[in-house]
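J.: build me a model from this:
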Amino acid sequence: MELRVAGFLDNSMVNGEGLRSVLFLSGCRRRCPGCQNTDMQDFKYGESVSAEEIFNRIKSNVPIIKGVTFSGGDPLEQAEGLINISKEIKKLGLNIWCYTGYTYEEILKEKDSNKLELLKYIDVLVDGEFKAELTENAPKYAGSSNQRIIRLK
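T.: Residues are numbered from 1 along each chain as shown. Have a look, this model is predicted:
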């Protein structure tokens with residue numbers, strides 16, 4: 001399976017706890033004013049990359065990294081393509097963080113089988129739309145104070 005990838009960081013300490021790799025996925029329907037990744041909102045931005053290639057790049061960073069972060073765009077827009085990658089990431093003993101403009105409650109209410117399946121592998125969900133006017137008291141690892149850091153496991 002191919003995913004539309006906007007970017008990849010082999011090592012980051014600002015996109016979740018600990019040293020981690022970050023996969024930025026293309027596509028976001030929210031279009032939050034003040035978004036720092038406006039180019040990544042376009043579903044055609046970036047390049048098409050196989051799930052195998054993405055996983056191999058992540059695997060090459062083990063044991064240096066402690067986890068992987070899905071960001072974007074909005075990773076849940078490509079939930080189906082992230083399921084198998086997530087299964088393999090978990091086999092490596094890594095944790096998974098995911099940033100999304102959806103709230104946890106919206107994901108559950110929508111009942112999209114791919115999004116619900118992906119949630120099974122996510123350890124920490126940073127949810128909610130980015131709100132530029134709420135950046136002042138944002139929690140660490142979130143962009144605005146309305147966003148929540150939810151430990152799913």
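J.: after the lengthiest strand in the chain comes which helix or strand?
T.: Assignment by DSSP state E gives strand 2-12 as the longest strand of the chain. Later in the chain than strand 2-12, the nearest helix or strand by DSSP states H and E is strand 20-25.
J.: please name the nearest non-neighbouring residue to K66.
T.: Distances taken as Cβ to Cβ, 6 or more residues apart in numbering place G18 nearest to K66, at 3.7 Å, with adjacent residues excluded. Glycine gets a C-beta too; all of them are placed from N, C-alpha and C.
J.: quick one: pLDDT of that neighbour?
T.: pLDDT, G18: 97.
J.: over to the one 10 residues further on?
T.: Reported pLDDT at C28 in the predicted model: 95.
J.: ok, it touching L76?
T.: No. Counting by Cβ atoms under 8 Å, C28 does not reach L76; the two are 9.3 Å apart.
J.: settle it for me: which of those two has more neighbours?
T.: More neighbours surround L76 than the other of C28 and L76, with 29 against 24 (other Cβ atoms under 10 Å).
J.: residue boundaries of the helices in the protein?
T.: Counting by DSSP state H, one finds helices in the chain at the ranges 51-59, 79-91, 104-110, 113-119.
J.: who are the packing partners of the last one?
T.: With contacts defined as 3 or more Cβ pairs under 8 Å, 6 or more residues apart in numbering; DSSP states H and E, the secondary structure elements packing on helix 113-119 are helix 79-91, helix 104-110.
J.: so which residue is smack in the middle of this structure?
T.: F70 (2.2 Å; Cα atoms, centre = their mean).
J.: find the nearest non-adjacent residue to that one, please.
T.: C98 (4.4 Å).
J.: with just CA atoms, put stretch 17-36 into CSV.
T.: Extracted in CSV, the C-alpha atoms of stretch 17-36 (Å, rounded to 0.1, in the frame of the first residue of the first chain):
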residue,chain,number,x,y,z
GLU,A,17,8.0,12.2,24.5
GLY,A,18,11.6,10.9,23.9
LEU,A,19,13.6,10.6,20.8
ARG,A,20,11.3,9.5,18.0
SER,A,21,10.8,9.4,14.2
VAL,A,22,8.1,11.5,12.7
LEU,A,23,6.0,10.7,9.7
PHE,A,24,4.1,13.7,8.2
LEU,A,25,1.2,12.7,6.1
SER,A,26,-0.5,14.7,3.4
GLY,A,27,-4.1,15.8,3.5
CYS,A,28,-6.3,17.6,6.0
ARG,A,29,-9.9,18.7,5.6
ARG,A,30,-9.9,21.0,8.7
ARG,A,31,-7.8,23.8,7.3
CYS,A,32,-7.3,25.4,10.8
PRO,A,33,-6.4,29.1,10.6
GLY,A,34,-2.8,29.6,11.7
CYS,A,35,-1.8,25.9,10.9
GLN,A,36,2.0,25.6,10.8
